[in-house]
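Enquirer: Let me see the structure of the following:
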Amino acid sequence: MARWLIGLLLVSGSSFAGQGLYSMMSTGNYPSPTEIMQKLELQHEGVISEFEVDIENGELVYEFKIIDPQAKTITSYEYRAIDGSLKEREVGRLKKDDNDELAGVVMLQQNGLSLSEMLILVGEETRGHIVKAEVDNDLEISYIELEILDIDGKRQLAFDIENKQLLPLLKWN
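Expert: Next comes the predicted model:
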């Protein structure tokens with residue numbers, strides 16, 4: 001019974017956290033994640049490969065990762081959503097387990113695209129807030145794995161980079 005109760009509390013807690021995030025994103029006066037992304041894309045070498053919205057200590061935070069294939073680096077950034085100010089920056093070397101993400105980034109570059117442009121396209125096809133996006137490659141398909149948050153909760157889907165369309169076989173709830 002104790003395990004069941006703990007499990008129920010964990011599931012309920014994540015549901016409440018999602019609702020808090022939805023409420024903050026829907027009612028707050030924040031720059032959109034794509035606005036911050038577009039600034040990052042202009043200011044830094046490489047391609048944004050990952051994005052996530054989070055709440056830290058009651059504050060909305062945008063997290064980004066940029067892969068620079070030429071320098072073989074991956075840089076993580078955290079920005080305060082309220083004013084777009086940099087909270088944290090961390091640089092590291094690409095590792096072998098980053099290869100799928102790197103392949104997706106190379107596909108974006110080959111198509112002359114950025115993650116912000118792809119997320120704008122996705123936004124036209126979905127409703128809700130994009131709270132997570134990660135470039136990936138699997139089975140020779142480069143795609144963006146997405147997490148969308150709306151009034152009903154979170155859902156995940158994938159968007160094909162090369163064909164610029166949702167991948168129906170990769171939708172899940």
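Enquirer: and whichever strand or helix holds residue 154, which residues are buried?
Expert: Residue 154 belongs to strand 153-160 when assigned by DSSP states H and E. By neighbour count on 16 or more other C-beta atoms under 10 Å, the buried set for strand 153-160 is 154, 157-160. Where C-beta positions appear, they are placed from N, C-alpha and C, glycine not excepted.
Enquirer: Ok, stretch 122-142 next?
Expert: 122, 126, 128-137, 141-142.
Enquirer: of those residues, closest to residue 23?
Expert: residue 129 (10.7 Å; C-beta to C-beta).
Enquirer: which phi and psi does that closest one have?
Expert: phi -100, psi 130 (degrees, to the nearest 10).
Enquirer: for residue 127, same thing?
Expert: phi -110, psi 150.
Enquirer: before we move on, what about residue 25?
Expert: Per degrees, to the nearest 10, the backbone of residue 25 is at phi -70, psi -30.
Enquirer: That one touches residue 129, doesn't it?
Expert: Yes: because the distance of 4.6 Å satisfies C-beta atoms under 8 Å, residue 25 is recorded as touching residue 129.
Enquirer: Between these two, which contacts overlap?
Expert: 53, 149 (C-beta atoms under 8 Å, 6 or more residues apart in numbering).
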